[in-house]
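Participant: Have a look at this prediction, sequence included:
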Amino acid sequence: MATDLTNFNLGRDGTRNVCIGKRGYQLYAKPDPDRPLPPGKSWVTYEWPCQLVLKSGHHVSLSDPATLRAVLATTARKRATGVYDGVRTTLYEGTITFAQLHKVNPGMRIGFRSKPTGKYASWKVSWRLWIGRDQLVRRAWSAWHDPNDSLDKSAGEKPYYAFEEDLRLSDWGMKADIQPPPADETVASEELDD
């Protein structure tokens, strides 16, 4: 498996990660003063197995069959709707609690470090999935609150962060040619830790 993912929500300039087999590459678009790279290097390599992670928001994993089944089990409304990526879709929508998501994904965390248990168990994720006749998700929307459980939270800050995310998926089945970055532009993460 190989992936080439850019997340514009992380870091000052977003992050790009390429993974091929068991080797990952992370692009450092701008130098990090706390972890400078050697001259001419802009990619850091890591050893990790590639996984395709498709998420609607932080908590609804579209690439995990158990999570997707749990989400669809909470469908409150279902109706025929528009065309996405050239495919007529059916819209499924509902809400699922953090406790229900945590049951199928025990490693789930919310906020900065909290388990979605206790007072957070009943917090909900509202979701919508547009699924084609081929059973592939074409669009995914979710909205939720994550607790502000930061240790340095000031007294005037809200107790939660509000999120809304709208993801579009297209070109299912398209062949992709993902190549590693040039070897002379990479440095192994172990070399940086020495």
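Facilitator: That came in fine, so what should we check first?
Participant: R128 contacts L91, correct?
Facilitator: Yes. If you go by C-beta atoms under 8 Å, R128 and L91 touch, sitting 6.2 Å apart. In short, each C-beta sits where N, CA and C put it, glycine included.
Participant: Show the residue spans covered by the helices in the chain.
Facilitator: Along the chain, counting by DSSP state H, helices occupy 65-72, 98-104, 189-193.
Participant: tell me which residues in the shortest one are buried?
Facilitator: Neighbour counts using 16 or more other C-beta atoms under 10 Å place no residue of helix 189-193 among the buried ones.
Participant: Just the CA trace of stretch 168-188, in PDB.
Facilitator: Listed next in PDB are the C-alpha coordinates belonging to stretch 168-188 (Å, rounded to 0.1, in the frame of the first residue of the first chain):
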ATOM      1  CA  ARG A 168     -15.400  14.900  -0.800                       C
ATOM      2  CA  LEU A 169     -14.000  11.700  -2.100                       C
ATOM      3  CA  SER A 170     -13.600  11.100  -5.900                       C
ATOM      4  CA  ASP A 171     -11.900   9.000  -8.500                       C
ATOM      5  CA  TRP A 172     -12.300   5.700  -6.700                       C
ATOM      6  CA  GLY A 173     -10.300   2.900  -8.500                       C
ATOM      7  CA  MET A 174      -8.000   5.400 -10.200                       C
ATOM      8  CA  LYS A 175      -4.500   4.000 -10.500                       C
ATOM      9  CA  ALA A 176      -1.900   6.100  -8.700                       C
ATOM     10  CA  ASP A 177       1.800   6.200  -9.000                       C
ATOM     11  CA  ILE A 178       3.300   7.200  -5.700                       C
ATOM     12  CA  GLN A 179       7.100   7.600  -5.700                       C
ATOM     13  CA  PRO A 180       9.400   8.300  -2.700                       C
ATOM     14  CA  PRO A 181      11.100  11.700  -2.600                       C
ATOM     15  CA  PRO A 182      14.700  11.900  -4.000                       C
ATOM     16  CA  ALA A 183      17.100  10.100  -1.700                       C
ATOM     17  CA  ASP A 184      19.500  13.000  -1.500                       C
ATOM     18  CA  GLU A 185      16.700  15.200   0.000                       C
ATOM     19  CA  THR A 186      15.900  12.700   2.800                       C
ATOM     20  CA  VAL A 187      17.300  12.100   6.300                       C
ATOM     21  CA  ALA A 188      16.400   9.200   8.600                       C
END
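Participant: Show me what that stretch is in contact with.
Facilitator: 2-4, 18, 20, 23, 25, 27, 37-38, 40-45, 54, 84-85, 134, 136-140 (C-beta atoms under 8 Å, 6 or more residues apart in numbering).
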